[in-house]
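K.L.:
Dropping a prediction and its sequence here:
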Amino acid sequence: MGADRAASPRREPQRARYLRRARLADSLEAIVWLTVALVLALFLADSGLVEFKTVPGTYTAVGIIAGLVGTDLMLIQLLLAARVPIIDRAFGHDHALLVHQRMGKPVFYLISAHVVLLWIGYAQTTRLNVFAEIWHMFTTLPDMKIAYLGYGLLAGVVITSLVIVRRKLSYEAWHVAHFLAYAAVLAALPHQFSTGQLFADGTWARYYWLVLYFGVAAALLVYRFIIPVLRTLRHDLRVSNIVAEAPGVYSIEMTGRYLADLRARGGQFFIWRFWSRGLWWHAHPFSLSAAPGVLRLKVTVRELGSGTAELGALPIGTRVSIEGPYGLFTDRARTTRRAVAVAAGIGITPIISLLEQGDFAPGEMTVIVRAPDEKGLYLYQELHKLCIKKSAVLYVLLGRRTKKGQDSWLPTREASHGMSLSTIVPDVRDADVFVCGPRGWTDLVVEDAKQAGVPKFRIHYERFSW
């Protein structure tokens with residue numbers, strides 16, 4: 001029967017969807033590397049090799065290359081956070097933002113190398129010491145003052161993104177600081193076109209950078225601002241009901257118009273903004289906790305800070321702004337009929353909506369829920385009834401993890417007995433694995449799935465920490 005199921009026509013569309021997504025992802029990655037190669041080619045075509053004839057020229061040339069590549073990748077980095085649909089379809093919002101975060105330090109290092117190497121190269125050319133050259137560039141070169149400001153803003157973004165600093169900031173403060181990246185790009189733009197001949201009028205390099213800058217700016221404007229505003233006005237979402245699920249946990253139901261046009265799927269998330277006094281400036285990435293309806297959407301939230309503490313008291317009728325839907329955490333991401341869903345705490349919400357809307361035959365879905373105790377089993381009755389209705393297998397693992405090391409996603413007792421994902425679900429390597437929970441915990445489940453032999457492309461995860 002296993003062979004018949006593997007060859008069944010129901011599996012083919014899933015496999016085909018994955019192959020299309022994989023080809024799209026490969027194409028987008030190739031375009032990124034092509035832009036880097038094009039940047040280098042344009043520099044070399046504009047007599048760039050001549051600079052390497054002298055030592056000062058070599059410092060200057062390498063510095064220019066570092067700046068060009070760094071700027072190119074920084075614009076790609078901004079594009080990854082622009083919520084462009086084609087990027088979300090290829091990689092998923094969570095993975096795109098992960099790559100965006102990982103690019104931060106390399107981009108900053110390249111821009112820093114650009115600054116330092118030009119200081120050294122120019123100092124050797126003018127026969128000044130480096131510090132005198134820094135001041136000379138600052139006071140004499142056009143648009144250099146604002147370029148220095150841009151570098152300072154970029155350094156501020158990198159510093160606030162460090163884990164040790166980010167933990168001390170509220171999400172809202174970090175989010176505002178992160179917008180400095182846009183100011184940094186704008187501040188650096190003038191000196192690129194006014195200093196030197198690299199971007200001289202009529203050159204291919206000038207046209208390339210203008211297209212890249214305006215293209216990224218247009219994507220940010222359209223997908224971060226214009227489309228969310230238009231969708232908010234069209235669908236007119238308003239809070240219709242609030243249900244207390246547990247202490248500090250609330251389900252917020254919203255009604256609106258033409259919600260089917262959003263084409264949302266169970267497991268996806270929106271970024272919500274509730275237009276109530278004191279809350280309108282908080283943007284919340286919440287997953288759907290029920291399959292999206294024609295006139296109704298539902299999220300379940302847990303109080304985790306100042307931004308969510310007052311959501312349980314939202315007035316009925318409160319207007320709601322939306323961005324989305326986002327994410328590949330849906331049944332359409334499956335490449336096999338078998339699926340295993342692993343959730344911790346409030347991470348159960350996308351699992352419920354995925355299970356409710358997904359096309360699962362009896363026995364094809366296994367759900368594993370983790371919580372420190374019964375009080376942490378949010379929406380359990382709803383999940384239990386849904387598993388019975390869908391004939392899904394449900395495991396509940398209660399208990400806290402070891403305080404030291406945190407080297408297992410399982411409770412202390414199960415971990416000490418050598419339990420793992422493969423012992424709970426022996427055929428997990430032949431299934432798609434969906435994981436949702438806190439960042440560190442999710443990473444442990446993903447690693448366990450890999451060790452169990454689950455291919456990387458069959459592991460789908462959403463992490464609800466920032």
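P.N.:
Cool, the structure landed.
K.L.:
Mind giving me the packing neighbours of the host helix or strand of Ser353?
P.N.:
Element membership for Ser353, per DSSP states H and E: helix 348-357. Applying 3 or more Cβ pairs under 8 Å, 6 or more residues apart in numbering; DSSP states H and E, we find helix 348-357 packed against strand 284-287, strand 339-344, strand 365-371, helix 380-390, strand 432-437. The way it works is simple: take the backbone N, C-alpha and C, and place the C-beta from them, glycine included.
K.L.:
Now find how far off-centre it is within its chain.
P.N.:
20 Å (Cα atoms, centre = their mean, to the nearest Å).
K.L.:
Next: stretch 420-436.
P.N.:
On Cα atoms, centre = their mean, the centre of stretch 420-436 falls 24 Å from that of its chain.
K.L.:
List the contacts of that stretch.
P.N.:
267, 287, 329, 333-336, 338-344, 347-351, 354, 366, 368, 395, 410, 442, 445-446, 448-449, 451-454, 458-464 (Cβ atoms under 8 Å, 6 or more residues apart in numbering).
K.L.:
now the end-to-end length of it.
P.N.:
Taking Cα to Cα, to the nearest Å, the first and last residues of stretch 420-436 lie 17 Å apart.
K.L.:
okay, the helices and strands packed on helix 348-357 in JSON lines with mean pLDDT and mean neighbour count next?
P.N.:
Output for the helices and strands packed on helix 348-357, formatted as JSON lines (pLDDT from 0 to 100; neighbours: other Cβ atoms under 10 Å):
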{"stretch": "strand 284-287", "mean pLDDT": "89", "mean neighbour count": "22"}
{"stretch": "strand 339-344", "mean pLDDT": "95", "mean neighbour count": "26"}
{"stretch": "strand 365-371", "mean pLDDT": "95", "mean neighbour count": "24"}
{"stretch": "helix 380-390", "mean pLDDT": "93", "mean neighbour count": "15"}
{"stretch": "strand 432-437", "mean pLDDT": "94", "mean neighbour count": "27"}
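K.L.:
Over to Gly418. Which of the three states is it?
P.N.:
Following DSSP: H, G, I helix; E, B strand; the rest coil, we place Gly418 in the coil state.
K.L.:
For it, grab the count of nearby residues.
P.N.:
9 (other Cβ atoms under 10 Å).
K.L.:
What distance do you get for it to Thr58?
P.N.:
58 Å (Cβ to Cβ, to the nearest Å).
K.L.:
can you give me phi and psi for Leu297?
P.N.:
phi -130, psi 150 (degrees, to the nearest 10).
K.L.:
Helix or strand: which one has the closest residue to it other than its chain neighbours?
P.N.:
The shortest distance from Leu297 to any non-neighbouring residue, by Cβ to Cβ, 6 or more residues apart in numbering, is to Met254 (5.0 Å). Per DSSP H and E: Met254 is located in strand 249-255.
K.L.:
Please save the CA atoms from whichever helix or strand comes after that strand in PDB.
P.N.:
Downstream of strand 249-255, the first helix or strand assigned by DSSP H and E is strand 269-274. C-alpha atoms of strand 269-274 as PDB (Å, rounded to 0.1, in the frame of the first residue of the first chain):
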ATOM      1  CA  PHE A 269       0.100  34.800   9.100                       C
ATOM      2  CA  PHE A 270      -0.700  38.500   8.700                       C
ATOM      3  CA  ILE A 271       0.800  41.500  10.300                       C
ATOM      4  CA  TRP A 272      -2.100  43.100  12.200                       C
ATOM      5  CA  ARG A 273      -2.500  46.700  13.500                       C
ATOM      6  CA  PHE A 274      -5.500  47.300  15.800                       C
END
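K.L.:
Show which residues not belonging to strand 269-274 make contact with it.
P.N.:
So strand 269-274 is in contact with 93, 239, 264, 280, 282-288, 297, 299, 311, 314, 318-327, 329, 350, 462, going by Cβ under 8 Å, 6+ apart.
K.L.:
How much space separates Ile86 from Lys375?
P.N.:
Ile86 is 42 Å from Lys375, by Cβ to Cβ.
K.L.:
Could you do Ile348 as well?
P.N.:
14 Å.
K.L.:
gap between Val99 and Arg296?
P.N.:
34 Å.
K.L.:
same question, Ile87
P.N.:
Distance from Ile87 to Arg296, by Cβ to Cβ: 29 Å.
K.L.:
Phi and psi next, for the residue of the chain positioned farthest from its centre.
P.N.:
Distance from the centre of the chain peaks at Arg127, with 47.0 Å (Cα atoms, centre = their mean). Phi and psi for Arg127, reported as degrees, to the nearest 10, are phi 60, psi 40.
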